[in-house]
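Engineer: Make a model of this:
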Amino acid sequence: MAKTGREVIETKSEDLLVKLTEEEVSAKARRMAERMGELDRHNEESKRIAGERGQRKATLEGEIRKLGEQVRERSEIRPVNVEVIADYKRSIVVEVRTDTDETISERAMRSEERQTTIPAVASVPQNESAKQIARRLYSEGNRPNDVGVEKVINDTASLCQIEAGTLFDALVEVAEEEGAKKAAPVTSLAEAAAAKKKGKKSEPEPEEDAETIDASEPETEE
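Structural biologist: Numbers count the residues shown, from 1 in each chain. Just a heads-up that it's a prediction; the model follows:
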């Protein structure tokens, strides 16, 4: 017998357009705003991470280049102690590295550097004699046999416009005079000559004890 009319033979779900209510519209608008904020934060984080990664990449590339150069050259830049030496004889300043004693630079000595060791004689009058200048140098502690006295003599002689040899001889003479003043006093010219010849101080002979003299003489009977 044939069926007539309508009958539901199956129920299924399909995605179809559904009109939203006002409450649903408001809820979806709030969710959209939240998601937009999350997206902005994600983009900023991505940029930061990309920047860090890019910086790390650049650091690694730079280190690789530096190591490669050191391997090729078999050397690298390191801190090394350097001595700055004033060569007064040649009037230059030399820089020498202490690990290899290699000279790394030289330059001409400035005028103030050439005069720094003789401040006390910088105001010496031009008409002073070599002996007077030598006394000044001696009073400052300069001695003829000092290691650096040659430089002091040369600089002072140049400053005072006198011969360096003359000034050195005068310093020797002053040193001898000062040394003589410190020698022990003598009582006669003969003792002075003997002390100078022997190179030592003369000592007076001890006086004999009167009792010893009396004991050595025999008693006379009356």
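Engineer: how about residue 96, what does it touch?
Structural biologist: 82-83, 85, 102-104 (C-beta atoms under 8 Å, 6 or more residues apart in numbering). For every residue, glycine as well, the C-beta is placed using N, CA and C.
Engineer: same thing but 6 Å
Structural biologist: Neighbouring residues of residue 96 by C-beta atoms under 6 Å, 6 or more residues apart in numbering: 83, 103.
Engineer: I'd assumed residue 176 was in a helix, is it?
Structural biologist: Yes: counting by DSSP: H, G, I helix; E, B strand; the rest coil, residue 176 is part of a helix.
Engineer: Now do it against residue 138, distance only.
Structural biologist: For residue 176, the distance to residue 138 (C-beta to C-beta, to the nearest Å) stands at 11 Å.
Engineer: who has more neighbours, the two?
Structural biologist: Taking neighbours as other C-beta atoms under 10 Å, residue 176 and residue 138 compare with residue 138 leading, 18 against 11.
Engineer: tell me the SS of the more buried one?
Structural biologist: Classified using three-state DSSP, residue 138 is helix.
Engineer: any idea of the pLDDT on it?
Structural biologist: Looking at residue 138, its pLDDT stands at 87.
Engineer: Touching, it and residue 174? I think so.
Structural biologist: Yes: if you go by C-beta atoms under 6 Å, residue 138 and residue 174 touch, sitting 4.8 Å apart.
Engineer: Tell me which stretches of the chain form helices.
Structural biologist: Under the criterion DSSP state H, the chain contains helices at 22-73, 111-114, 130-139, 149-160, 164-181, 189-198, 210-216.
Engineer: ok, back up a step: quick check: neighbours shared by residue 138 and residue 174?
Structural biologist: Common neighbours of residue 138 and residue 174 (C-beta under 6 Å, 6+ apart) do not exist.
Engineer: So which helix or strand of the protein has the lowest pLDDT on average?
Structural biologist: Using mean pLDDT, DSSP states H and E, the weakest-scoring helix or strand in the chain turns out to be helix 210-216, at a mean of 46.
Engineer: Just send the helices of the chain back as TSV, with distance to residue 8 too.
Structural biologist: Output for these, formatted as TSV (distance: least, C-beta to C-beta, whole Å):
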stretch	distance to residue 8
helix 22-73	28
helix 111-114	113
helix 130-139	130
helix 149-160	122
helix 164-181	131
helix 189-198	150
helix 210-216	165
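Engineer: Name the spans of this structure whose pLDDT lies under the cut-off.
Structural biologist: 1, 114-127, 147, 181-222 (pLDDT under 70).
Engineer: So it: which segments form each domain?
Structural biologist: 28-71, 80-114, 118-184 (automatic domain parsing).
Engineer: So which of those domains is nearest residue 10?
Structural biologist: For the domains of the chain, proximity to residue 10 was assessed by C-beta to C-beta; domain 28-71 is nearest, at 31.6 Å.
Engineer: gap between the closest one and the chain center?
Structural biologist: 44 Å (C-alpha atoms, centre = their mean, to the nearest Å).
Engineer: Make 56 the first number, not 1, from now on.
Structural biologist: Will do, 56 is the new start, and the previous item becomes domain 83-126.
Engineer: Contacts for stretch 70-87, please.
Structural biologist: Contacts of stretch 70-87 (C-beta under 6 Å, 6+ apart): none.
Engineer: Alpha carbons of that stretch, as PDB, please.
Structural biologist: C-alpha atoms of stretch 70-87 as PDB (Å, rounded to 0.1, in the frame of the first residue of the first chain):
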ATOM      1  CA  ASP A  70      26.500  24.100   9.200                       C
ATOM      2  CA  LEU A  71      23.900  26.600   8.200                       C
ATOM      3  CA  LEU A  72      23.600  30.400   8.700                       C
ATOM      4  CA  VAL A  73      21.900  31.200  12.000                       C
ATOM      5  CA  LYS A  74      20.800  34.600  13.000                       C
ATOM      6  CA  LEU A  75      22.500  35.700  16.300                       C
ATOM      7  CA  THR A  76      20.700  37.200  19.200                       C
ATOM      8  CA  GLU A  77      21.800  40.500  20.700                       C
ATOM      9  CA  GLU A  78      23.400  38.700  23.700                       C
ATOM     10  CA  GLU A  79      25.400  36.500  21.400                       C
ATOM     11  CA  VAL A  80      26.600  39.500  19.300                       C
ATOM     12  CA  SER A  81      27.800  41.200  22.500                       C
ATOM     13  CA  ALA A  82      29.600  38.100  23.700                       C
ATOM     14  CA  LYS A  83      31.300  37.500  20.400                       C
ATOM     15  CA  ALA A  84      32.400  41.200  20.300                       C
ATOM     16  CA  ARG A  85      34.100  40.800  23.700                       C
ATOM     17  CA  ARG A  86      35.800  37.600  22.700                       C
ATOM     18  CA  MET A  87      37.100  39.300  19.500                       C
END
